[in-house]
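**Q** Generate coordinates for the sequence data below:
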Amino acid sequence: MQTERKQELSAYLTQHQNAFYRLAYSYTANREAALDVVQNAALKALLYCDTLRQQASMKTWFYRILVNESLSYLKKNSREILWEMEDLKEIPDTTKEEWHEETLTYAALMQLPEEMKTVIILRFYEDMTLSEISDVLGISLSNVKYRLYGGLKKMRSILEMEANDQ
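**A** Next up, the predicted model:
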């Protein structure tokens, strides 16, 4: 049973590794650090897969590990993540205007407090439901909604201020 669960977890991790990397990178803004975070999270998941009660909750269970590992990395390295728009690669199949809008949106997202940023990333970049986010973060659904809508409001304010500055 345990070997079967490890095999299912390994298959899940392999299948979704790009999404995991993307989430870790959104925290670390560093390729190597993001890879380390994902690797550490995968190792912890494999070590503790016997604590997973239901197979159906594997997604939220692993995302909780990954988010916690990402936050631990930030705390441990306690540095501010700085990046320039030029550091971001052009997104395939988008116009320059769309790419510019997306980079401005991402820049605004990175200015949010961690708890708001996490909810927005999980909702819009990882396409999770509010209920799944609640499970991942171990907070109430109303708290998820509060962080989501508060974060979106702050992002809107940041984007409006930047538009007025131009």
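**Q** Dihedrals phi and psi, Leu112?
**A** Per-residue torsions, Leu112: phi -80, psi 160 (degrees, to the nearest 10).
**Q** Hmm, Lys154 and it touching each other?
**A** Yes. The criterion here is CB atoms under 8 Å, and Leu112 meets it with Lys154 at 5.8 Å. Where C-beta positions appear, they are placed from N, C-alpha and C, glycine not excepted.
**Q** just the strands in this structure please.
**A** Per DSSP state E, the chain carries no strands over any range.
**Q** Report the residue ranges of every domain in it.
**A** Following the assignment in automatic domain parsing, the chain carries domains at 1-80, 93-166.
**Q** got those domains as a markdown table, with mean neighbour count and mean pLDDT columns?
**A** Rendered in a markdown table, the data for the domains of the chain read as follows (neighbours: other CB atoms under 10 Å; pLDDT from 0 to 100):
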| stretch | mean neighbour count | mean pLDDT |
| --- | --- | --- |
| domain 1-80 | 15 | 87 |
| domain 93-166 | 15 | 85 |
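**Q** OK, contacts around the most centrally placed residue in the chain?
**A** For the chain, the residue sitting closest to the mean C-alpha position, by CA atoms, centre = their mean, is Leu23 at 3.4 Å. In this structure, Leu23 makes contact with Tyr63, Leu66, Val67, Ser70, Ile121, Leu122, Tyr125, Glu126, judged by CB atoms under 8 Å, 6 or more residues apart in numbering.
**Q** Quick check: the first one touching Glu126?
**A** Going back to what we said before, that points to Tyr63. Yes. Here Tyr63 reaches Glu126: they are 7.3 Å apart, a contact under CB under 8 Å.
**Q** which secondary structure elements does the top helix by length along the chain contact?
**A** Among the elements of the chain assigned as helix by DSSP state H, the one spanning the most residues is helix 141-165. Helices and strands in packing contact with helix 141-165 are listed as helix 96-110, helix 114-120, helix 130-137; criterion 3 or more CB pairs under 8 Å, 6 or more residues apart in numbering; DSSP states H and E.
**Q** Need the ones you listed in JSON lines (columns: distance to Glu4).
**A** Formatted as JSON lines, the helices and strands packed on helix 141-165 follow (distance: least, CB to CB, whole Å):
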{"stretch": "helix 96-110", "distance to Glu4": "39"}
{"stretch": "helix 114-120", "distance to Glu4": "32"}
{"stretch": "helix 130-137", "distance to Glu4": "23"}
